[in-house]
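What follows is a predicted structure for the sequence shown.
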Amino acid sequence: MNNTSSNKLFEDIRNSINEIRIFDTHEHLMYESERRTKKLDFFTFFSGYASTDLMSAGLKLQDFQRLRNQSVDLKTKWDIFYPYWELIKNTTYSRVIITVAKDIYGVNSINLDNIEKITDKINKFKGLEYYKDILKEKSKIEFVLNDLDINELGIEMREPDEDYFLPVMRFDDIFELNSAEKIAKLEQEKDINIHSLSDFIDLIDKTFEERKNKIYAFKIGIAYNRSIFFEDVVYADAEKSFLKVLKLDKFDSYQDSIPLLEIKPFQDYMYHYCIRKAIKYGLPIQIHTGILEGNYNDLRNSNPLYLTKLLLKYREAKFDIFHIGYPFTDELIAMIKMYPNCYINLCWIPQISKNLYKNALNLIIEILPSNKVFGFGGDYFFVEGTYAAQKIAREAIIEVLYEKVLHKYFSIEEAIGFAKRILNSNPKNVYLK
């Protein structure tokens, strides 16, 4: 094929893939109606991912906290930030922010003058239909599976303000009830009394029923705090474990607690219980595996091989296994090939590394049935990050599929069909059927 023909082939593939409406399988996006009430600045873009790189490069936690403090002026923040920015701007996490600055805010470099311009525009955009512009128009996203059931996000609004947001439910926080204080807080929030494991299960049952037809998946993200190996625990052992917490002294300033490891039987029982409930309500089960956001986490907790018994036990479930299990990607691809009840998800991978995405996609194409792959989830806290992540993902898919067509592995029709499946119809068929 001559250069003119190969260039046309590339353009044809690029144009086709850039028009695909994306079913976004994973975000943590604050809804726009709440974002309009927040005081934000350039350093909002460091609420995750690039913040990990900053601290990995040596930025102290207390200095990072000053970057996120809205009472600290931008000049002071810049002086803290700049030396570490120079060390991390090579990473894809940082390239996302550079892309956002250029494509959305119209600046070509990160400096004090430009972060002031970006901050001004962030706040001016609050008066516009900004999410529609970024998500629907610029990113061409059709639906967003949005996970906001995380207390530490500091987000109050949980009900979607647009119908293209599809909420996801998780219970990781309340499954970590290892103190009298946590029990008392849950009782107060839910206006209930918890005297037994049965009372706690009643709360879970009620929550599933109340959110019936309002949620689209059940999420397990506990790998940040423990192993994702969930033993098959009988009720009596789970109850014995939970009673250790209920016996703690609620009158000692609520400070009495036990190690989380001691309530693992309770947690394991409840995750199995919730998987069964998800099956009953027709909800896919999303599971975090592989790389963990933040610093000083234990990567050993998130090996997807720990899920083997779950996949074997719950054959009628639909498991969406996140983040290609990276760095355990080879293991996860082999699992997805073997088990009809699970899918591999490339969410988060575009902003970790475009080449990682391309390498994984090449393997996936040659090993897995094409309906077992979900091609995009931005996994961002701010919509600008989602825009940049989908741009990277599309570029990676275009480049991989171009090579597949060029070397006659795919016809151009097969390549475009594959892209449409992984970016839209595969997740849509699982989550909206």
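Thanks, I have it. Numbers count the residues shown, from 1 in each chain.

pretty sure Glu399 contacts Asn359?
No: counting by Cβ atoms under 8 Å, Asn359 is not a contact partner of Glu399; they are 11.4 Å apart. Heads up, the C-betas are built off the backbone N, CA and C, glycines and all.

And those two? Which one has more around it.
Per other Cβ atoms under 10 Å, whichever of Glu399 and Asn359 has more neighbours is Glu399, with 18 against 14.

Let me know the helix or strand that that one is in.
helix 383-406 (DSSP states H and E).

what about dumping the CA coordinates of that helix to CSV?
Presented in CSV, the C-alpha positions along helix 383-406 are these (Å, rounded to 0.1, in the frame of the first residue of the first chain):
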residue,chain,number,x,y,z
VAL,A,383,-15.4,16.4,33.4
GLU,A,384,-12.4,18.0,31.7
GLY,A,385,-10.4,14.8,32.6
THR,A,386,-13.1,12.7,31.0
TYR,A,387,-12.7,14.7,27.8
ALA,A,388,-9.0,14.2,27.7
ALA,A,389,-9.2,10.5,28.6
GLN,A,390,-11.6,9.7,25.8
LYS,A,391,-9.4,11.6,23.4
ILE,A,392,-6.5,9.4,24.3
ALA,A,393,-8.6,6.3,24.1
ARG,A,394,-9.9,7.1,20.7
GLU,A,395,-6.4,7.8,19.4
ALA,A,396,-5.1,4.5,20.8
ILE,A,397,-8.0,2.6,19.2
ILE,A,398,-7.5,4.3,15.9
GLU,A,399,-3.8,3.5,15.9
VAL,A,400,-4.3,-0.1,16.9
LEU,A,401,-7.1,-0.8,14.4
TYR,A,402,-5.2,1.0,11.6
GLU,A,403,-2.3,-1.5,12.0
LYS,A,404,-4.7,-4.4,12.1
VAL,A,405,-6.3,-3.3,8.8
LEU,A,406,-3.0,-2.4,7.3
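
list the buried ones in it?
Buried positions in helix 383-406, judged by neighbour count with 16 or more other Cβ atoms under 10 Å: 383-402, 404-405.

So which other helices or strands are in contact with that helix?
helix 3-18, strand 22-27, helix 92-103, helix 349-352, helix 354-367, helix 412-420 (3 or more Cβ pairs under 8 Å, 6 or more residues apart in numbering; DSSP states H and E).

Can you list the residue ranges for helices in the stretch 51-200 of the chain?
Per DSSP state H, counting those that start in this stretch, the stretch 51-200 of the chain carries helices over the ranges 61-67, 74-88, 92-103, 112-124, 130-131, 180-190, 197-210.

Next, format these as a markdown table and append mean pLDDT, mean neighbour count and distance to Asp298.
A markdown table is the format used below for those (pLDDT from 0 to 100; neighbours: other Cβ atoms under 10 Å; distance: least, Cβ to Cβ, whole Å):
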| stretch | mean pLDDT | mean neighbour count | distance to Asp298 |
| --- | --- | --- | --- |
| helix 61-67 | 97 | 14 | 18 |
| helix 74-88 | 98 | 16 | 23 |
| helix 92-103 | 98 | 20 | 21 |
| helix 112-124 | 97 | 16 | 34 |
| helix 130-131 | 96 | 21 | 35 |
| helix 180-190 | 91 | 15 | 22 |
| helix 197-210 | 96 | 15 | 27 |
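
just to revisit the earlier point, got the helices and strands packed on helix 383-406 as TSV, with distance to Tyr271 columns?
Shown next, in TSV, are these (distance: least, Cβ to Cβ, whole Å):
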stretch	distance to Tyr271
helix 3-18	37
strand 22-27	19
helix 92-103	30
helix 349-352	25
helix 354-367	27
helix 412-420	34
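
confidence score at the residue positioned nearest the centre of the chain?
By Cα atoms, centre = their mean, the chain has its centre lying nearest to Asp379, at 3.7 Å. pLDDT recorded at Asp379 is 97.

again with Asp161
Turning to Asp161, the model gives it a pLDDT of 78.

ok, it - contacts?
For Asp161, the contacting residues are 31-33, by Cβ atoms under 8 Å, 6 or more residues apart in numbering.
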